[in-house]
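Student: Sequence first, predicted coordinates after that:
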Amino acid sequence: MKIVTWNINGIKARLSGLSTYLKETSPDAICLQEIKSIDEGFPREVFEDLGYTVTTHGQKGFNGVAILSKTQPEDIQVGLPGDDDDVQARYLEATLVDGSNAVRLASLYLPNGNPIDTEKFPYKLGWMARLNAHARTLLNGEMPTILAGDYNVIPQLLDAKRPKAWTNDALFQPESRSAFRKLTNEGWTDYVRTCQPDTPEYTFWDYQAGAWQKDNGIRIDHLLLSPQAVDVAQGCSVDRFTRSWEKPSDHVPVWVELNFG
DNA sequence: ATGGTGGTTCAACCA
């Protein structure tokens, strides 16, 4: 079972690129972030024609997440628990069944948090605290679980081409990195970093200043696997090639292969 | 580089 996460930065602008990607790589499920669409405006037919069931949690103009899956998802959870007043569409979770096996999968779009001297940064940290609390309950379920998405966190120096440029950025603040580290400390595996301990594996390059051409990237899109998911994980990769496409997203897909044996 | 590009929606916000 191949599972992908990709911040597509607008479903309408990425209709062609995402369709091409799905045809070329044929994943069993793909978690999307920043669909920037309401549920009713999502072009579901395009993906249903490719064999996917479309589950969305959108809002107008900004944010929005989705899961496209080749099987019907079960037990769908819309929104991150812990704050009924949070209206931003950033979290969607569901169970995918593969024969006698099942995986719990979340598509998450963690708040950017910039600028750090505004209310946006505490909102990010509060969201991360809620994620940590919810992640603990997921671990207690002892089911293969994957928290996939755009975390907007640069975990380590290795994860940025120019770490100093991010010193005052919410993505690299000690508080952001500590909250991310709390997830890994409690048992979640940052799977790409585990598979590739020594290479950067960037997933995002800014549209500006020729960042892609200079490989001035950062690694902020992550696959966090529960211990039971690590048991069945058989490799992963970052599909950099999509960044060279026409009208690319500023993020690229990241995937993991599961084999239940 | 305090926004140089890009998406959504339509003047401004977000990243």
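Tutor: Good, I have the coordinates.
Student: contacts, neighbours, all on C-alpha from now
Tutor: Fine.
Student: what's the spacing between residue A:29 and DNA strand B?
Tutor: 21 Å (C-alpha to the nearest atom of the strand, to the nearest Å).
Student: what's the answer for residue A:164, then?
Tutor: Taking C-alpha to the nearest atom of the strand, one finds residue A:164 at 11 Å from DNA strand B.
Student: and if you look at residue A:26?
Tutor: Taking C-alpha to the nearest atom of the strand, one finds residue A:26 at 23 Å from DNA strand B.
Student: Check residue A:72 too.
Tutor: 26 Å.
Student: That residue and residue A:96 touch, don't they?
Tutor: Yes: the criterion here is C-alpha atoms under 8 Å, and residue A:72 meets it with residue A:96 at 7.2 Å.
Student: Looking at those two, which one has more neighbours?
Tutor: Neighbours per residue, other C-alpha atoms under 10 Å: of residue A:72 and residue A:96, the larger number sits with residue A:96, 22 against 14.
Student: Indicate each strand paired with whichever strand or helix holds that one and its parallel or antiparallel sense.
Tutor: Residue A:96 is part of strand A:91-98 when elements are defined by DSSP states H and E. With DSSP bridges as the test, strand A:91-98 is paired with strand A:74-78 (antiparallel), strand A:101-109 (antiparallel).
Student: export these to JSON lines and tack on mean neighbour count and mean pLDDT?
Tutor: As requested, the strands paired with strand A:91-98 are exported to JSON lines (neighbours: other C-alpha atoms under 10 Å; pLDDT from 0 to 100):
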{"stretch": "strand A:74-78", "mean neighbour count": "14", "mean pLDDT": "98"}
{"stretch": "strand A:101-109", "mean neighbour count": "22", "mean pLDDT": "98"}
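Student: Nearest approach to residue A:31 belongs to which of these?
Tutor: strand A:101-109 (5.1 Å; C-alpha to C-alpha).
Student: Show residues contacting the closest one.
Tutor: Strand A:101-109 has contacts (C-alpha atoms under 8 Å, 6 or more residues apart in numbering) with A:5, A:31-34, A:63-67, A:90-97, A:143-152, A:229, A:260.
Student: orientation of the helix or strand just after that strand relative to strand A:101-109 in degrees?
Tutor: Sequence order places helix A:120-140 as the next helix or strand after strand A:101-109, per DSSP H and E. Between helix A:120-140 and strand A:101-109, the angle comes out at 170 degrees (axes from the mean of the first three to the mean of the last three C-alpha atoms, to 10 degrees).
Student: Which other helices and strands does helix A:120-140 contact?
Tutor: helix A:174-185 (3 or more C-alpha pairs under 8 Å, 6 or more residues apart in numbering; DSSP states H and E).
Student: what's the angle from the helix it packs on to helix A:120-140?
Tutor: 10 degrees.
Student: near DNA strand B, anything from helix A:174-185?
Tutor: No: shown here: helix A:174-185 not in contact with DNA strand B (C-alpha under 7 Å from any atom of the strand), separated by at least 14.7 Å.
Student: For DNA strand B, what is the nearest residue in chain A?
Tutor: residue A:209 (2.6 Å; C-alpha to the nearest atom of the strand).
Student: Torsion angles phi and psi at that residue?
Tutor: phi 60, psi 30 (degrees, to the nearest 10).
Student: One more: residue A:19?
Tutor: phi -60, psi -50.
Student: Can you verify my assumption that it contacts residue A:48?
Tutor: No: assessed by C-alpha under 8 Å, residue A:19 is found out of contact with residue A:48, at 10.9 Å.
Student: any idea how far residue A:90 is from the spatially most central residue of chain A?
Tutor: Nearest residue to the geometric centre of chain A (C-alpha atoms, centre = their mean): residue A:149, 0.9 Å. Applying C-alpha to C-alpha, to the nearest Å, the value for residue A:149 to residue A:90 is 10 Å.
Student: swap in residue A:9?
Tutor: From residue A:9 to residue A:90 the distance is 13 Å (C-alpha to C-alpha).
Student: Between those two, which is the more surrounded one?
Tutor: Neighbour tally, residue A:9 and residue A:90, criterion other C-alpha under 10 Å: the higher count belongs to residue A:90, 27 against 20.
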